[in-house]
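In: Give me a 3D structure for the following:
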Amino acid sequence: MKSKNLSEKILKSVKTKGFKYIELPSVIETNHIVQRSGENFRKFIFSFTDQNGSELCLRPDLTIVSCLRYLENNFKRKEKIFYSGQAYRKSNDKKDSIIRDQIGFEIIGSKNEKTDDKEIISTSLNSLKNLNYSSGKLTLGNVEIFNLLISKLDIPKRWKLRLYRHFWREEYFNDLLKRLETNSDVDPTIVEIDKKRYLKMLKENKTSIIAGRSIEEILSRFDNKIKDPRRTSKGKNVCKIIKEFLKIKCPINKAAQELNKFFKKYKINLVVDQKYFPISNNRVSKLNVIFSTSFGRQLEYYTGMVFKIDIKSNNKIKNVINGGRYDQLISDLGSVTQVSAVGAALNLNY
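Out: I've put the predicted structure just below:
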């Protein structure tokens, strides 16, 4: 941590925006993290087994812990909360600290999405007043626009689901695009065999079980594959559209214009209004503000607006704030209804 004094100044600035301070537990059940982030994430957490045999871990992420608190307390109302503390996470880079000192602030359970997005960014900018820096950059993205684009593309439903699900895993996502572009996952011989199996199974007892699945389930999947073919030319065109979309980067006041020009070029039935974005000024305080369609892929749980703030201090570029909207996180953790949420975290180890 830079200093206790800096932390206290930032906490006070957040409190002036009407946020209520809360305490968060340092230890949570490991399955809450693994189920949300995947088994691969297990290698990054510090876990242990308690005397009852339950697997627990030190919190690797304060946002998930905050959402668990909201869920477990069965809250229904809107909450504006903030908190501070340490997150504990291993890294592939040995230079990274395993302890991260953070201040986080969130708005949970509100129905006014655009107003909340603006307030989180405004609170982030207000927090920056306590930092010493010469210049910086505020980068905005929006995962929702990517998902809307994918929904409009002429590809099988199963491929849309893959692209939605793996957008945040950049390396694997690029591998998916290669497969889509070349049809390398489609073997014509296998397709014909599948059709023959499908026709044969139509005559069998639908409740019979094969390899743990009923024939009815297998037929449903075969039916989708047979009715939803993919030609090589179609895959190439779709990949071209996605790759070009992910290259869009411009000053924030040009975001709607650039996106609508792109949608018109490829005859995609989407239109974006500049009011859709929480900021339209190209410069806020000492920060240049840009829009990037490829930004927002670092965390799986983001669903809409995402942003980060990088500052230049002592001739070094440092990331100090990250945030965004995560409307599905609380339901993914077990809520029977979807709860809106947006927040940000300030890194005190910058």
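In: CA only for contacts and neighbour counts going forward, please
Out: Fine.
In: pLDDT wise, what is the residue of the chain most remote from its centre at?
Out: Going by Cα atoms, centre = their mean, the residue of the chain most distant from its centre is residue 203, 44.4 Å out. pLDDT, residue 203: 77.
In: how is the protein carved up into domains?
Out: Per automatic domain parsing, the structural domains of the chain span 4-24+59-149+243-347, 169-241.
In: Make JSON lines out of those domains and add distance to residue 49.
Out: As requested, the domains of the chain are arranged in JSON lines below (distance: least, Cα to Cα, whole Å):
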{"stretch": "domain 4-24+59-149+243-347", "distance to residue 49": "14"}
{"stretch": "domain 169-241", "distance to residue 49": "30"}
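In: Ranked by average pLDDT, which of those falls at the bottom?
Out: Taking the average pLDDT of each of these, the minimum falls on domain 169-241, with a mean of 72.
In: ends of that one, how far apart?
Out: 19 Å (Cα to Cα, to the nearest Å).
In: Make residue 1 into 48 and carry on from there
Out: Yes, from this point I'll number from 48; that puts the last item at domain 216-288.
In: quick one on the thing from earlier: now do the contacts for the residue farthest from the centre of the chain.
Out: If a contact means Cα atoms under 8 Å, 6 or more residues apart in numbering, then residue 250 has no contacts.
In: Residue 110 now?
Out: Counting by Cα under 8 Å, 6+ apart, residue 110 has contacts residue 151.
In: Over to the one 4 residues further on?
Out: Counting by Cα under 8 Å, 6+ apart, residue 114 makes contact with 376-377.
In: helix/strand/coil for it?
Out: With DSSP: H, G, I helix; E, B strand; the rest coil as the basis, the three-state label of residue 114 is helix.
In: ok, it to residue 389 distance?
Out: Distance from residue 114 to residue 389, counting by Cα to Cα: 11 Å.
In: burial count for residue 357?
Out: Residues contacting residue 357 under the criterion other Cα atoms under 10 Å number 21.
In: do the one 5 residues further on as well
Out: Applying other Cα under 10 Å, we find 10 residues neighbouring residue 362.
In: Got phi/psi on residue 91?
Out: For residue 91, the backbone dihedrals are phi -100, psi -10 (criterion: degrees, to the nearest 10).
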